[in-house]
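A.B. asks: Just to be clear, the model below is a prediction. Sequence and coordinates:
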Amino acid sequence: MADPKFRDLKEQRESGQLTLRYMVSKVSISDLVPHEGILDWHLKEIREQIKKDGYLARPIAVSSLESVGKEWRGKFMIHDGHHRKAALENLGCSFIMCSIFDFFDPKIKVFDYDTESIPIAKEEVIRRAISGKNITPRFDKHFIELNGKLLPFHNNSMIEPEIFVKLDELK
């Protein structure tokens, strides 16, 4: 991994300040483990947009899989960014910028893709990732709970800040 840049998302509460810590770092695409599949039509859209722009605008959201066992050391599960990862890989990139979180932080929540009323166990998400099986796209959505609100990881500039890394830097 490249030099990490630590960032904090802070939440104000009556009892004090709670922080979600993450770092933005360049990660080898080969070290990423998906927990969902991708949609071909969406991959094409994302790939063409990145190719046209010539850069990756936002890091993808990932977490370490080290807690699963030593064979997973240095591997990261993708939470948001499966299509960006596949697009960069298709464009010949070997690296991708990632926002790396502690998945077991209680502020990170997972729900069914179609409804926030059906929680998904984090262990189920991990099981899907390490199974190595072809897995369905859009199985779940990842959120962060800040200030009493659920904010999705997807298109969230607090969690996936704009960074504009040129494709040449990711080759």
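C.D. replies: Arrived safely. Numbering: from 1, shown residues only.

A.B. asks: which residue ranges form the strands in the protein?
C.D. replies: In the chain, the strands defined using DSSP state E lie at 5-13, 16-28, 32-33, 55-56, 60-64, 76-80, 95-101, 108-112, 140-146, 149-152, 165-166.

A.B. asks: Now do the second one, average pLDDT.
C.D. replies: It stands for strand 16-28. Mean pLDDT, computed over strand 16-28, is 77.

A.B. asks: And for residue 136, the neighbour number?
C.D. replies: 9 (other C-beta atoms under 10 Å). Quick note: C-beta positions are derived from backbone N, CA and C, even for glycine.

A.B. asks: Double-check it against residue 36; I have them as touching.
C.D. replies: Yes: using C-beta atoms under 8 Å, residue 136 is in contact with residue 36, at 6.8 Å.

A.B. asks: residues in contact with residue 27?
C.D. replies: 1, 62, 76, 95-98, 100 (C-beta atoms under 8 Å, 6 or more residues apart in numbering).

A.B. asks: now do 7 Å
C.D. replies: By C-beta atoms under 7 Å, 6 or more residues apart in numbering, the residues touching residue 27 are 1, 76, 95-96, 98.

A.B. asks: Only C-alpha atoms, please: export stretch 54-62 in CSV.
C.D. replies: Extracted C-alpha coordinates of stretch 54-62, given in CSV (Å, rounded to 0.1, in the frame of the first residue of the first chain):
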residue,chain,number,x,y,z
GLY,A,54,-8.9,9.8,-18.0
TYR,A,55,-9.0,9.6,-14.2
LEU,A,56,-10.7,7.8,-11.3
ALA,A,57,-12.7,10.5,-9.5
ARG,A,58,-13.4,8.7,-6.2
PRO,A,59,-11.8,5.9,-4.2
ILE,A,60,-13.8,2.7,-3.7
ALA,A,61,-14.9,1.7,-0.2
VAL,A,62,-13.1,-1.4,1.2
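
A.B. asks: one step back: for the contacts of residue 27, pick the one with the most neighbours.
C.D. replies: Neighbour max across the contacts of residue 27 (other C-beta under 10 Å) = residue 98, 28 neighbours.

A.B. asks: Kindly state the beta-bridge partners for that residue.
C.D. replies: Beta-bridge pairing for residue 98 (DSSP bridges): residue 25, residue 60.

A.B. asks: okay, it: pLDDT?
C.D. replies: Looking at residue 98, its pLDDT reads 96.

A.B. asks: The one 4 residues further on now?
C.D. replies: Per-residue confidence (pLDDT) for residue 102: 93.

A.B. asks: Torsion angles phi and psi at it?
C.D. replies: When read as degrees, to the nearest 10, the backbone of residue 102 gives phi -90, psi 110.
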